[in-house]
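Below is the structure, and that's it, no one-letter string:
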């Protein structure tokens, strides 16, 4: 072997060692778990002792740089990322509706009829079976409800994934697409801690509250979803904003909820009702009174619920 030549086996061993080092979670020198990745130097360095654990890591980013959105779109050689919001993950092709060729010139009438037939077959091929048509309709329904409820896009993707899991698990026979879609959206809000009540989902859904509740309990049990109880504090910012209350009321309501939680007054009760009562009590204590009807209307609970929760929290505050 010549001096400048390398042994293939040694190269393989070096690659394996580098792969093992890239999967490390502790420093081999000081055994601390403070490994950080230096993106500029492409190194994995221990933050405690400074040991370079891995060097020359693979950069999976593009080889070009862009400083504006226009440059990024111009230099990119790939399409949009995959998304769970589309039934085909966004990996399909589309035929433009404009009857123009690649140079922007109008195509002949004979070609227009041919392109129109291609559009028709391409549309049919995107949803070739009943399952894909079902999923496409459900994802459209989830997007509509999420837009009406101002739910973020990542939560919509979680809801779309939950619906697809329910479809794959064959949980839809005997149940409506709209009911399972609304239940999946509500479950996603619960998982991602987005404060939306079942009544709010029902207002924008096309099925009644009881069917959505049944569908939600069914998919949560069958898919073994881990859903924590809703924290009433999550509703405070939105309710205070809709009631035009100042920040001191928000802080006072947080303190009231802290006392109520310690006393166990939130257990078994509507989180929205508990939050509404805390806001009503906090507004009174801060001199920014709001009527029980106004608070109940914002929280979408009854006035009786606000009154009962208010009395419990007022007694707890007095005793503490």
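Yep, that arrived. Just so you know, these numbers come straight off a predicted model, no measurement behind them.

any idea how far residue 89 is from the residue nearest to residue 91 when sequence neighbours are not counted?
Closest residue to residue 91 apart from its sequence neighbours, by C-beta to C-beta, 6 or more residues apart in numbering: residue 82 at 6.4 Å. All C-beta atoms are positioned from the backbone trio N, CA, C, and that covers glycine. Computed as C-beta to C-beta, to the nearest Å, the residue 82 to residue 89 distance reads 4 Å.

go on, residue 167?
The span separating residue 167 from residue 89 equals 14 Å under the rule C-beta to C-beta.

of these two, who's got more company?
Counted by other C-beta atoms under 10 Å, residue 167 and residue 89 do not tie: residue 167 has more neighbours, with 19 against 11.

What is the three-state secondary structure of the residue nearest to residue 91?
Assigned by DSSP: H, G, I helix; E, B strand; the rest coil, the conformation of residue 82 is coil.

Looks like it contacts residue 92 (just checking).
No: in this structure, residue 82 is not within contact of residue 92 by C-beta atoms under 8 Å, at 10.9 Å.

Select the helix or strand of this structure having the lowest average pLDDT value.
Least confident helix or strand, the chain: helix 8-22 with a mean of 52, by mean pLDDT, DSSP states H and E.

Return the per-residue confidence for the residue nearest to residue 91.
At residue 82, the pLDDT value in this model is 75.

what's the spacing between it and residue 295?
For residue 82 relative to residue 295 (C-beta to C-beta), the value is 43 Å.

Give me the more crowded residue out of the two.
With neighbours defined as other C-beta under 10 Å, residue 82 and residue 295 compare such that residue 295 has more, 26 against 11.

Just list the residues touching that one, thanks.
The contact partners of residue 295, taken as C-beta atoms under 8 Å, 6 or more residues apart in numbering, are 239, 243, 276-277, 279-280, 283, 306.

if we go to 10 Å?
Contacts for residue 295 (C-beta atoms under 10 Å, 6 or more residues apart in numbering) come out as 239, 242-243, 245, 273, 275-281, 283, 301, 303, 306, 310.

Look up how far residue 160 lies from the residue nearest to residue 91.
Distance from residue 82 to residue 160, by C-beta to C-beta: 12 Å.

before we move on, back to that, could you list the paired strands of the following helix or strand past the least confident helix or strand of the chain along with their orientation?
As assigned by DSSP states H and E, the chain's next helix or strand after helix 8-22 is strand 35-38. When pairs are called by DSSP bridges, strand 35-38 turns out to pair with strand 43-46 (antiparallel).
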